[in-house]
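Student: model the structure of this input:
(one chain, ligands or ions: 2)
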Amino acid sequence: MPIKMKAGVLGATGSVGQRFILLLSENEQFDAAVLGASSRSAGKKYQDAVVWKQTSLLPGESKDLIVQECKPEFFIGCNVIFSGLDAEYAGPIEKSFVDAGFAVVSNAKNYRRVPSVPLVVPTVNSEHLEVVVNRVKQARSQGLSKPGFEVCISNCSTAGLVVPLKPLQDKFGPIRFVAVTTMQAISGAGFSPGTPGIDILDNVVPYISGEEDKMEWEAKKILCSVNGTGDGFDLLSDDQLTVSAQCNRVAVSDGHTECVSWKFTNRDKVPSLEEVKQCLKDYSCEATELGCPSAPKHAIYVLDEPDRPQPRLDRNRDRGYAVSVGRLREDPIFDFKMTVLSHNTIIGAAGSGILIAELLAKKGVL
Ligand SMILES: NC(=O)C1=CN([C@@H]2O[C@H](COP(=O)(O)OP(=O)(O)OC[C@H]3O[C@@H](n4cnc5c(N)ncnc54)[C@H](OP(=O)(O)O)[C@@H]3O)[C@@H](O)[C@H]2O)C=CC1
Ligand SMILES: N[C@@H](CC(=O)OP(=O)(O)O)C(=O)O
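Tutor: Ligands and ions are numbered 1, 2, ... in the order given. Prediction:
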C-alpha cells in the first residue's frame, strides 16, 4: 500500500470542512493529517470542537486530532491544504499558506477572480490546472524551491451548471445565452449560522447573497480557454456568453436542483434533441481517463424518467461526484432546456477539492 499524502483542512468544523473529513477518511491517496479552525476550537479534540451534522458517523481516525489555529507553522509536512473557510477570513489565511509554499485548494470565493488563479470544476476544466503546473515546472527548471499556489473550487451552483454545458460547448460550438433558476439545499448556507429552520420550513427564500453574480461570472471563466502564454485565461466576454441566474433556497438538506435553458451561438447547425442527449451520455472527463481514485465513472447521467432528477433520489449518484440531467427537451424561446441535480458539498465543494488534488498529484505538482 503506497504511503498516503498528508492533507490539512482549514475550517474543519464547518459544513464543507466536515465533508472534507468524511471524504478523506475514505480516500486512498490522502489522509486528513492536520485540522484547523478558529481560536474557539483550537486546542480541543476534533470530536469536542465540532458539532457533527453529517449523516455518516464522525470518522474514528479524526476524533482525537487536536484542532489547530489556521497558521502555516502547524501544517508543516502537509502536501496539500484544503480550505473550507468562510470568505470573511479566508483571504489573509489562505495567502499566508501560499506564501509559506503550500498548495492550497480552496472552497472560498476570495481568489476565484484573480487572473492567474485557476477556478476549477474537476470534471469540466481540469486543463486549467496547467497554469499552476507550468509555474511549478518553471521553478524546478530554474533550480528553485516549489512555489506555493492557490486553486479555487467554484461556487457550488456554478458547478452543477457548467458540467453539462462543457460537452455541449465542445461538440456543438459556443453557447450564447443561458437562463438558470436554482433550488438550493440548506447545507449550502453552512452552519455558522446557516439557514434557520423557521425560515425554510414550508417556505422558499428567493435570495442567496451574491449567488447570482457568482454564477453569471464564474461560468465565463470555467468555460473559457487557457491563454497563449499558459499563465492565465482568456475569459469569455459578455458578447460571447451571457448567463442569467435566479437563485432560491429550499427545504432540502443536500443537493442543488437547477432548471437550465440555453441557446447555441451557431445558428446554422443547431443539433437535434437526440444529438444533445447522446453528447451528454458520451461525455468523459480527464480525471476519469487518468484513473483518479475519486473520479466518477460518468460525469453526467441522463435520466429518462419524466419526474427526475430529485435531490433525495439522485444526489449521491456516483458517490456525489456526478451530475444528473433530466427533463431534456426543446425550448420555444431558447434551443433546449433541462433539469440538473448536483451534490453541493461533494462535486459542488469538498469532493471537487479532493479530485483537484488527485489531478495535481497525477500532474506531479504536490
Ligand atoms: N456549504 C456548502 O455547500 C458550500 C460552501 N461553500 C463555501 O465554503 C466555505 C465554508 O462554508 P461552510 O462550511 O458552509 O461554512 P461554516 O460556517 O459551516 O464553517 C466555517 C468554518 O470556518 C471556521 N472559522 C470561523 N472563523 C474562523 C477564523 N477566524 N479563523 C479560522 N477559521 C475560522 C469555523 O471554525 P469554528 O467552528 O471554530 O468557528 C468553521 O470551521 C464558505 O466560503 C462557503 O461559501 C462552497 C460550496 C458549498
Ligand atoms: N453560496 C452557496 C454555497 C457556495 O458555493 O458558496 P461560495 O460561492 O461562497 O463557495 C449556497 O449558499 O448554496
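
Student: near ligand 2, which residues of the stretch 151-300 of the chain are found?
Tutor: Applying CB under 6 Å from any ligand atom, we find that the stretch 151-300 of the chain lies next to ligand 2 at 155, 156, 184, 188, 189, 208, 211, 214. (C-beta placed from N, C-alpha, C; glycine too.)

Student: cutoff 8 Å now
Tutor: Contact residues (CB under 8 Å from any ligand atom) of the stretch 151-300 of the chain with ligand 2: 153-158, 184-185, 187-190, 208-211, 214, 247, 249, 256.

Student: just the buried residues out of those residues, in PyMOL syntax.
Tutor: In PyMOL, this line selects whichever of those come out buried by 16 or more other CB atoms under 10 Å:
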select buried, resi 153+154+155+156+157+158+184+185+187+188+189+190+208+211+214+247+249+256
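
Student: filter the residues of the stretch 151-300 of the chain next to ligand 2 by proximity to ligand 1?
Tutor: Among these, the ones lying near ligand 1 by CB under 8 Å from any ligand atom are 153, 155, 156, 185, 187, 188, 189, 190.

Student: among the residues you listed, which ones are in helices?
Tutor: When DSSP state H defines the helices, the subset of these inside them is residue 156.

Student: tabulate the ones next to ligand 1 among the residues of the stretch 151-300 of the chain next to ligand 2 in TSV, adding columns for pLDDT and distance to residue 147.
Tutor: TSV is the format used below for these (pLDDT from 0 to 100; distance: CB to CB, whole Å):
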residue	pLDDT	distance to residue 147
153	98	20
155	98	26
156	97	29
185	97	37
187	92	34
188	93	33
189	92	35
190	86	31
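
Student: ok and the residue in the stretch 1-150 of the chain nearest ligand 1?
Tutor: residue 14 (2.1 Å; CB to the nearest ligand atom).

Student: could you report the pLDDT at the closest residue to ligand 2 within the stretch 251-366 of the chain?
Tutor: Residue nearest to ligand 2 within the stretch 251-366 of the chain (CB to the nearest ligand atom): residue 344, separated by 5.6 Å. Looking at residue 344, its pLDDT reads 96.

Student: hang on, it in a helix?
Tutor: No - Residue 344 is assigned coil when assessed by DSSP: H, G, I helix; E, B strand; the rest coil, not a helix.

Student: what's the neighbour count on it?
Tutor: By the criterion of other CB atoms under 10 Å, residue 344 has 30 neighbours.

Student: show me what contacts the residue nearest to it when sequence neighbours are not counted?
Tutor: Distances taken as CB to CB, 6 or more residues apart in numbering place residue 156 nearest to residue 344, at 4.0 Å, with adjacent residues excluded. Contact analysis of residue 156 by CB atoms under 8 Å, 6 or more residues apart in numbering lists 184, 188, 256, 342, 344, 345, 348, 349.

Student: make a markdown table from those residues and add distance to residue 22 to it.
Tutor: Compiled in a markdown table, these are given as follows (distance: CB to CB, whole Å):
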| residue | distance to residue 22 |
| --- | --- |
| 184 | 21 |
| 188 | 17 |
| 256 | 19 |
| 342 | 17 |
| 344 | 14 |
| 345 | 9 |
| 348 | 15 |
| 349 | 12 |
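
Student: next secondary structure element downstream of the helix or strand bottoming out on mean pLDDT in the chain?
Tutor: Least confident element among the helices and strands of the chain, by mean pLDDT, DSSP states H and E: helix 197-200 (a mean of 90). Later in the chain than helix 197-200, the nearest helix or strand by DSSP states H and E is helix 211-222.
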